[in-house]
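# predicted model, plus sequence, below.
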Number of protein chains: 2
Amino acid sequence: MLDLLKANIERTISQPIPEGICTAFSSLLFEKQFDKKDNLVEEGQLCKYIYFVTKGSCYSYITDEKGDSHTIQFALEGYWISDLYAFFSEKKSIYTVAALEPTKVLALNREQFQKACDTMPIFDKYFRILIQNAFVALQYRLAKTNSADAEHRYREFSQLHPDFIQRMPQYLIASYLGIKPPSLSRIRKDLANKK
Amino acid sequence: MLDLLKANIERTISQPIPEGICTAFSSLLFEKQFDKKDNLVEEGQLCKYIYFVTKGSCYSYITDEKGDSHTIQFALEGYWISDLYAFFSEKKSIYTVAALEPTKVLALNREQFQKACDTMPIFDKYFRILIQNAFVALQYRLAKTNSADAEHRYREFSQLHPDFIQRMPQYLIASYLGIKPPSLSRIRKDLANKK
DNA sequence: TCCATTACTTAACATAGGTTAATTGTGGAG
DNA sequence: CTCCACAATTAACCTATGTTAAGTAATGGA
């Protein structure tokens, strides 16, 4: 499962990395397993790790005052996930990360993350580009949240993430899109009728 | 106005930078001026630069099918702004960046950006942390957009960005919050009455 | 200083999406 | 195979915010 990570790094920075660097990096990570419904990060707790998913899937969400959950991010194999706010600031987590299936991850803690970035400049680059891409995608998602209606957002999401449509339950997709399950049902019904 | 940038870099990476590095970096930048309402980036055009604001203010927005604008980001002195999607992908811009006042910026183009990152690893670090912070803030903004009502979002925004409240017109603040000017007026009226 | 423009407010009405609750569908544990 | 718990759908009704349009207040250029 290190192959998945190595491929991810090389694709992200658009260059092959020496075997030595890869070994050095992987020595900073350790493998961890979670059952379905386990929490990888818990709201209110410190967030010690960022996780690279090698098997399974998970998602992060925020809980509002009414107790409702709002999905922030999905992660399948090959995705990083965590509460980056809490991870970098060393404050209490504001999000929860939970496994949707039995899930295997590679965990990286803050000290090792710093060490990787400080001793191997290639990792500043890797994480810079990784976050750069995530930022661009997130900005677009917010732009669409504020400028397009729910049906439009659902159609675009289906196109962009057919894999998520397959594997994630609908009530989570609804919450990712910023709507409630009955609304998503309505939208799906309308779309089915149109065809 | 290079002082502003140097201070920004040192604060971001939490370490002083040698004078030499600073000079080398600044030689990659060039100064540019815009009048009020000028576009720094135009939707549909290539986005050649990222801009560091040294004087004045600007904002980025997306235009929807109906022709309505939706504010993505504000930038005062000490902020970077651009269409990062277009800048990095070399595709046509999907956002517009416009000056709200007579504005001075330092412009950095893609080749120089690459050069800075490739030859001075400290700039990978600088931009990594910069984008990291922007990502964390953006993720929180989206989380709130999906989980809190407009009044809550406005109160939080006022607390977090009193400077924006001062300097930005209300119709742009409304659009930043994902609502229309009449709604923001209503909210402000209600808040004034509550006190 | 005055006019023209642009921003802000207000009110009446419209609507997308939320809420609730009942109903049906479904997949995993035993 | 058969429950049971949970996920998805549906329908009736509700509410926050949008829409439109008019009126008022600022602002900036001649």
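Received it, and whenever you're ready, just let me know what you need. None of these values were measured; they are calculated from a predicted model.
# what's in contact with the helix or strand hosting residue A:6?
For residue A:6, the element it lies in under DSSP states H and E is helix A:2-13. Contact with helix A:2-13 is made by A:16-17, A:22, A:25-26, A:29, A:52, A:54, A:77-78, A:106, A:122, A:125-126, A:129-130, A:133, as judged by CB atoms under 8 Å, 6 or more residues apart in numbering or on different chains. To be clear about C-beta, it is placed using only N, CA and C from the backbone, and glycine gets the same treatment.
# how about the residues of chain A near DNA strand D?
On the criterion CB under 7 Å from any atom of the strand, DNA strand D has as its neighbours in chain A the residues A:169-171, A:181-182, A:184-186, A:188-189.
# so for the helix holding residue A:6, what's the average pLDDT?
Mean pLDDT, computed over helix A:2-13, is 95.
# show me which residues of it are buried.
A:5-6, A:8-9, A:12-13 (16 or more other CB atoms under 10 Å in any protein chain shown).
# hmm, whichever helix or strand comes after that helix touching chain B?
Using DSSP H and E, the helix or strand that follows helix A:2-13 in sequence is helix A:19-26. No: on the criterion CB under 8 Å from any CB of the partner chain, helix A:19-26 is out of touch with chain B, staying 13.9 Å away.
# so who does residue A:50 touch?
For residue A:50, the contact set (CB under 8 Å, 6+ apart) comprises A:80-82, A:84, A:87, A:107-108, A:113.
# is it possible to mark the buried ones in the contacts of helix A:2-13?
Buried, going by 16+ other CB under 10 Å: A:17, A:22, A:25, A:29, A:52, A:54, A:77, A:106, A:122, A:125-126, A:129-130, A:133, out of the contacts of helix A:2-13.
# where's the dip in pLDDT among those?
residue A:22 (90).
# for chain A, what spans make up the helices?
Per DSSP state H, chain A carries helices over the ranges A:2-13, A:19-26, A:84-89, A:110-119, A:121-147, A:150-160, A:162-167, A:170-177, A:181-194.
# disregarding residues adjacent in the polypeptide, which is nearest to residue A:45?
Distance criterion CB to CB, 6 or more residues apart in numbering or on different chains; nearest residue to residue A:45, sequence neighbours excluded, is residue A:93 at 5.7 Å.
# can you read off the pLDDT for that neighbour?
98.
# against residue A:9, how distant is residue A:22?
8 Å (CB to CB, to the nearest Å).
# where in chain A is pLDDT low?
Counting by pLDDT under 70, chain A has low-confidence residues at A:1, A:195.
# residues of it that sit close to chain B?
Counting by CB under 8 Å from any CB, chain A sits next to chain B at A:62, A:64, A:68, A:70, A:72, A:84-85, A:88-89, A:94-95, A:117, A:121, A:124-125, A:127-128, A:131-132, A:134-136, A:138-143, A:145-148, A:175, A:178.
# filter the residues you listed down to the buried ones.
Neighbour counting with 16+ other CB under 10 Å marks A:62, A:70, A:72, A:84-85, A:88, A:94-95, A:117, A:121, A:124-125, A:127-128, A:131-132, A:134-136, A:138-143, A:145-148, A:175, A:178 as buried within the residues of chain A next to chain B.
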